[in-house]
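Asker: The following block contains a protein sequence and its predicted model.
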Amino acid sequence: MSMPLRKLGKSGIIVPVIGLGCMGMSKFYGSSNEVDNINVLNRSLELKCNLWDTSDTYGIGHNEILLSKVLKDRRHDVFLCTKFGIMRSPDGQISGINGTPNHVCEACEKSLKRLGVDYIDLYYQHQVDPNTPIEDTVTAMAELVREGKVKYLGLSECTADILRRAHKVHPISALQVEYSLWSLDIETNGLKEACEELGITIVSYSPLGHGFLTGKYNSTNDFEKGDVRTSHSRFVGENFDKNRVLVDKLNDFAKKKEIPLSQLCLAWNLAQIFGHRQISRKLLDAQNK
């Protein structure tokens, strides 16, 4: 079965409904192997999962460099998304958020160089800079579009008000936000409604709850030393045990449907976001004619 597709905002371009988040290939979730990661990247393209998501902050540029090793031969096979804005000190600690116009330009140039490409398909502001008006940041991002260095703009981790203000400056095609069966803030903070009203695509990150909703983890001992999840409140002490009970109930339901828990959770996520079922039905109708 081919990968279902959806429209990206009002851009008119079609992208797969499921993308490949590459953050875990650079620290964060334990050790990783470059050869294995490159095999995963190539396999994702074979499966038509060609929307890749990275950021200049993942491994302080390491993640973008990793992707470049596949992009050098397969750039036109990939819808490439990266982000800017989170600043890190040499030891990897977050040192601030920068959305100033100068940084927007500098960050994009550095990402292009690390990725080994001459344009980025979707460029996100990773987090909002509280000290820089969003209008100034998006104006600088829009200039990158005019220069041909970026095709479409996105935001991540913002409020509905910020999203509306940004969209007035230049069309925002995508909003990246955590959304899963155990992260439902988007349903009550106005963001979901704003995206539907403005025609902005919701891109869910961690739709499997940082791996917890796969049912793979039975205790905190399952995580390697240095895994960032050991510092998340949901993965610590009695919270882990309580959440594990809920995951077991979900897994029982998935077994009745004869599907993996991860598939159930992804299907739930896609069903909540406007635009998925409509475009999939149209494509299926077209394929059947």
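Answerer: Nice, thanks for sending it over.
Asker: where does this protein have low pLDDT?
Answerer: Applying pLDDT under 70 to the chain picks out residues 1, 275-289.
Asker: now do 80
Answerer: For the chain, residues meeting the criterion pLDDT under 80 lie at 1-2, 27-32, 220, 226, 230, 274-289.
Asker: For it, give the helix that spans the most residues.
Answerer: helix 237-256 (DSSP state H).
Asker: what about that one, distance to the chain center?
Answerer: Relative to its chain's centre, helix 237-256 lies at 25 Å (C-alpha atoms, centre = their mean, to the nearest Å).
Asker: Bridged to the residue most central in space within the chain, which residues?
Answerer: The centroid of the chain falls nearest to Tyr205 when counting by C-alpha atoms, centre = their mean (4.6 Å). Bridge pairing for Tyr205 (DSSP bridges) gives the partners Glu178.
Asker: What distance do you get for the residue lying closest to Lys168 once chain neighbours are set aside to His167?
Answerer: Leaving aside its sequence neighbours, Lys168 sits nearest to Glu135 (C-beta to C-beta, 6 or more residues apart in numbering; 7.9 Å). C-beta coordinates here come from the backbone N, C-alpha and C atoms, glycine included. Glu135 sits 11 Å away from His167, going by C-beta to C-beta, to the nearest Å.
Asker: Looking at those two now, which is surrounded by more residues?
Answerer: Higher neighbour count among Glu135 and His167: His167, with 23 against 13, using other C-beta atoms under 10 Å.
Asker: Distance of Cys108 relative to Leu184?
Answerer: The spacing between Cys108 and Leu184, counted by C-beta to C-beta, is 33 Å.
Asker: who has more neighbours, these two?
Answerer: Taking neighbours as other C-beta under 10 Å, Cys108 and Leu184 compare with Cys108 leading, 23 against 13.
Asker: Assign that one to helix, strand or coil.
Answerer: Secondary structure for Cys108, judged by DSSP: H, G, I helix; E, B strand; the rest coil, is helix.
Asker: hang on, isn't it packed against Ile120?
Answerer: Yes - under the criterion of C-beta atoms under 8 Å, Cys108 makes contact with Ile120 at 7.2 Å.
Asker: Common neighbours of these two, please.
Answerer: Common contacts of Cys108 and Ile120 (C-beta atoms under 8 Å, 6 or more residues apart in numbering): Lys149, Val150.
Asker: picking up where we left off before, wait, what's in contact with the residue nearest to Lys168?
Answerer: Taking C-beta under 8 Å, 6+ apart as the contact definition, Glu135 lies against Arg165, Ala166, Lys168, Val169.
Asker: would JSON lines of these with secondary structure, neighbour count and distance to Tyr217 be doable?
Answerer: JSON lines is the format used below for those (DSSP: H, G, I helix; E, B strand; the rest coil; neighbours: other C-beta atoms under 10 Å; distance: C-beta to C-beta, whole Å):
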{"residue": "Arg165", "secondary structure": "helix", "neighbour count": "15", "distance to Tyr217": "39"}
{"residue": "Ala166", "secondary structure": "helix", "neighbour count": "27", "distance to Tyr217": "37"}
{"residue": "Lys168", "secondary structure": "helix", "neighbour count": "12", "distance to Tyr217": "43"}
{"residue": "Val169", "secondary structure": "helix", "neighbour count": "18", "distance to Tyr217": "42"}
